[in-house]
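In: Got a predicted structure plus its sequence, pasted below:
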Amino acid sequence: MTATAALGVRPGGSRQLAGTGTLLRFALRRDRVMIPVWVAVNALMVLSMPGTIEGLYGTAAERADLVRQMETNSSLRAMVGPLFDDGLGALTAWRVGVYAAALAAVTSLLVVVRHTRDEEESGRQEVVASGMVGRRASLTAALLAAAVANAALALLVTAGLAGQGAAGAVAFGLGVAGVGMLFATMAAIVAQLTESARLARGLTAGVLGGAFVLRAAGDSATVDGSSVLTWLSPLGWLENLRPFAGERWWVLALIAGAAVVQGAVAYGLAGRRDLGMSFLPTRPGPANGRLATAGALAWRLQRGSVLGWSVGFLLAGLVYGGMTEGAADLVGDNEQARRIIERMGGAAQITDAFVSAMVGMLGLVAALYVVASVLRLSGEETSGRAEPVLAGAVGRLRWAAGHLVVAFGGAALIMLLAGASFAAGYGRDAGAILGACLVQLPAVWVIGGAAVLLHGVLPRGAVAAWGIAGAVLLIGWVGPALDVPQAVLDVSPFGHLPKLPGGEMSWSPVLVLLLIAGALVAAGLAGLRRRDVST
């Protein structure tokens, strides 16, 4: 059976795939920055772990003690999953497996939605379809582009971890890539159901968030990943593949089978709708009442995204707060682990340093939100929706300001919610934790300011803002564990923030970062005001 037949394409319908190769090359050219950056960040996160873990738990006794601790610490299992073996490979899969799979899923859904629903929404797909292009060529090219990204990730992970055990490395690489393709085909289905690329991304990301919550709930209840809730989550499937711990190869067949079934559904739906239409059309209506202003329209367009991020940060805060009490027990007498936490969270007592480190991680993730929200401006321009708005009594700065208020104000909102739930999970120090969350905002806003600058001055290169956010995330996540020089950590704006709680509050770097963020936004808006509107 051919691959196209397995996905539900009739063998006699090969002309429905005409032009797939050309569209694939075009998609890879458009994503020549985004895909390599996301794949590199993911691969580096995984491949940096064996050396880090060996430095943290250098003896078999220390690793065995870690396994025993995980059996009794339900909060940590909810965060990173159960631990099945004390080898370096198994510890690597345990420590970053869930997050690597989630990052592969995000990469895949962004790629697929960008080359399917985004293209239809902007009107470019109609132009393409007028040529010698098959009905399902665009969907096939999008899925193949996601497959290229996941295949590259699988090869890098497998090659990098082969020294820990060839079978485990292959299982882990294929498992992470398989979860990525599972969400690629899921995004392909959602793109047929919805009329908006924004909604397609949001719904697929919502499913990913639900999968993380199900896995966390299941793992907190059992020590071996056997909970029904864990098995309901694709992220739980990766855990139960058990790389480097007696691989369960049949789980790979489960992941592949689910991806093929979803792909078949997506192909079936693609053949049953008109171009630009959807099975769940949005309701049209006049922009009056609460939608009469540019700011209100921006809020209406982005409120679903803000809600999704808010729920995610609330849940993350609760998880981090719940595990804070056991942070000192987890570190114990391990000086290397203590140094890493202190590099991330400051040289305060271990609990405060742990809180600061976790709050810093929330800030790094909030930078992804602000980039996505700012780049909504680019989506409105390229789709042609901005032009009718600007043709009325709405200036460019007023139009952009509506989206920027949602972007920068939304970042403040999700950090506040994370701080409140963190304090609730911890059960104390609410004021100190809220302050630690809010002090992350200047650095988050600097990343958002860089996205505004790119959009205003270099609209075609605005996607590079994702590269900036990814590099900052990599520095903050991996840098302290690898003991990189302080000069490298200082490249990130987060490296200059006060380490709260426990550290001394210094207003100078906070004010400097706020000025930098303001200058970047002002320069970006000046560029937007002078250039032509993209179409």
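Out: Yep, that arrived.
In: contacts, neighbours, all on C-alpha from now
Out: OK.
In: what kind of secondary structure is the closest residue to Gly175 other than its chain neighbours in?
Out: Leaving aside its chain neighbours, Gly175 sits nearest to Leu238 (5.8 Å; criterion: Cα to Cα, 6 or more residues apart in numbering). Per DSSP: H, G, I helix; E, B strand; the rest coil, the local secondary structure of Leu238 is helix.
In: repeat for Ala159
Out: Classification of Ala159 using three-state DSSP returns helix.
In: Correct me if wrong: Leu473 contacts Leu362.
Out: No: counting by Cα atoms under 8 Å, Leu473 sits too far from Leu362 to count as a contact (10.3 Å).
In: So the residue nearest to Gly175 versus Ala105, what's the distance?
Out: Going from Leu238 to Ala105 by Cα to Cα, to the nearest Å gives 12 Å.
In: ok, then the element right after the helix or strand of the chain with the lowest mean pLDDT?
Out: Sorting the helices and strands of the chain by mean pLDDT, DSSP states H and E puts helix 3-6 at the bottom, at a mean of 43. Using DSSP states H and E, the helix or strand that follows helix 3-6 in sequence is helix 20-30.
In: Val510 - how many residues pack around it?
Out: Look at Val510: counted by other Cα atoms under 10 Å, it has 20 neighbours.
In: For it, give its distance to Ala149.
Out: For Val510, the distance to Ala149 equals 38 Å [Cα to Cα].
In: try Val463
Out: From Val463 over to Ala149 the distance is 17 Å, taken as Cα to Cα.
In: Could you check which of the two has the larger neighbour count?
Out: Taking neighbours as other Cα under 10 Å, Val463 and Ala149 compare with Ala149 leading, 25 against 21.
In: Centre of the chain to the helix or strand that that one is a member of, how far?
Out: Assigned by DSSP H and E, Ala149 belongs to helix 137-161. With Cα atoms, centre = their mean, to the nearest Å as the basis, helix 137-161 stands 17 Å off its chain's centre.
In: And it, what does it pack against?
Out: helix 20-30, helix 34-47, helix 88-114, helix 166-193 (3 or more Cα pairs under 8 Å, 6 or more residues apart in numbering; DSSP states H and E).
In: Can I get the ones you listed in TSV including distance to Asp219?
Out: Shown next, in TSV, are the helices and strands packed on helix 137-161 (distance: least, Cα to Cα, whole Å):
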stretch	distance to Asp219
helix 20-30	37
helix 34-47	21
helix 88-114	12
helix 166-193	18
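In: Pick the most buried one from those helices.
Out: Stretch with highest mean neighbour count among the helices and strands packed on helix 137-161: helix 166-193 (a mean of 27; mean count of other Cα atoms under 10 Å).
In: For that helix, give the mean pLDDT please.
Out: For helix 166-193, the mean per-residue pLDDT is 94.
In: Same question for stretch 422-432.
Out: Stretch 422-432 shows a mean pLDDT of 84.
In: Stretch 31-50 too?
Out: Mean predicted lDDT for stretch 31-50 stands at 86.
In: and what of stretch 99-112?
Out: On average, stretch 99-112 scores 91.
In: on that earlier part again, which stretch among the helices and strands packed on helix 137-161 comes nearest Leu315?
Out: Distance to Leu315, taken as Cα to Cα, is lowest for helix 88-114 among the helices and strands packed on helix 137-161, at 15.5 Å.
In: which stretches of the protein aren't confidently modelled?
Out: Scanning the chain for pLDDT under 70 picks out the ranges 1-14, 73, 75-76, 125-126, 129-131, 274-292, 325-348, 478-484, 534-535.
In: Perfect, that will be all.
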